[in-house]
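*Asks:* With the sequence up front, the predicted model follows.
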Amino acid sequence: MSPRKRRRFGYRRLHVLLKREAYLVNPKKRFRLYREERLTVRRRG
């Protein structure tokens, strides 16, 4: 599968998607859940 087809969002973008669905999640919990699923979190900069 091409990397372009496997779209991956950062935890900040995940917040936007969850907010649209009316889920309010603490930023620390969002980050922890992202890490628990072993999704890499890119650092800005």
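*Replies:* Looks like it arrived, so ask away.
*Asks:* The helix or strand bottoming out on mean pLDDT in the chain - contacts with which helices or strands?
*Replies:* The helix or strand of the chain with the lowest confidence, counting by mean pLDDT, DSSP states H and E, is helix 11-20 at a mean of 78. Here helix 11-20 touches helix 27-36, going by 3 or more Cβ pairs under 8 Å, 6 or more residues apart in numbering; DSSP states H and E. (C-beta placed from N, C-alpha, C; glycine too.)
*Asks:* list the buried ones in the helix it packs on?
*Replies:* In terms of neighbour count (16 or more other Cβ atoms under 10 Å), helix 27-36 has its buried residues at 30, 31, 34.
*Asks:* Dump those to TSV, plus distance to residue 20 and pLDDT.
*Replies:* Converted to TSV, those look like this (distance: Cβ to Cβ, whole Å; pLDDT from 0 to 100):
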residue	distance to residue 20	pLDDT
30	14	77
31	19	80
34	17	76
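*Asks:* Taking helix 27-36 as reference, get the angle to the least confident helix or strand of the chain.
*Replies:* Helix 11-20 runs at 110 degrees relative to helix 27-36, counting by axes from the mean of the first three to the mean of the last three Cα atoms, to 10 degrees.
*Asks:* Using PDB, write down the CA coordinates of helix 11-20.
*Replies:* Listed next in PDB are the C-alpha coordinates belonging to helix 11-20 (Å, rounded to 0.1, in the frame of the first residue of the first chain):
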ATOM      1  CA  TYR A  11      -2.900  14.300  17.800                       C
ATOM      2  CA  ARG A  12      -3.800  17.900  17.200                       C
ATOM      3  CA  ARG A  13      -5.700  17.000  14.000                       C
ATOM      4  CA  LEU A  14      -7.300  14.200  15.900                       C
ATOM      5  CA  HIS A  15      -8.600  16.800  18.300                       C
ATOM      6  CA  VAL A  16     -10.300  18.600  15.500                       C
ATOM      7  CA  LEU A  17     -11.900  15.400  14.200                       C
ATOM      8  CA  LEU A  18     -13.100  14.400  17.600                       C
ATOM      9  CA  LYS A  19     -14.500  17.900  18.300                       C
ATOM     10  CA  ARG A  20     -16.500  17.700  15.100                       C
END
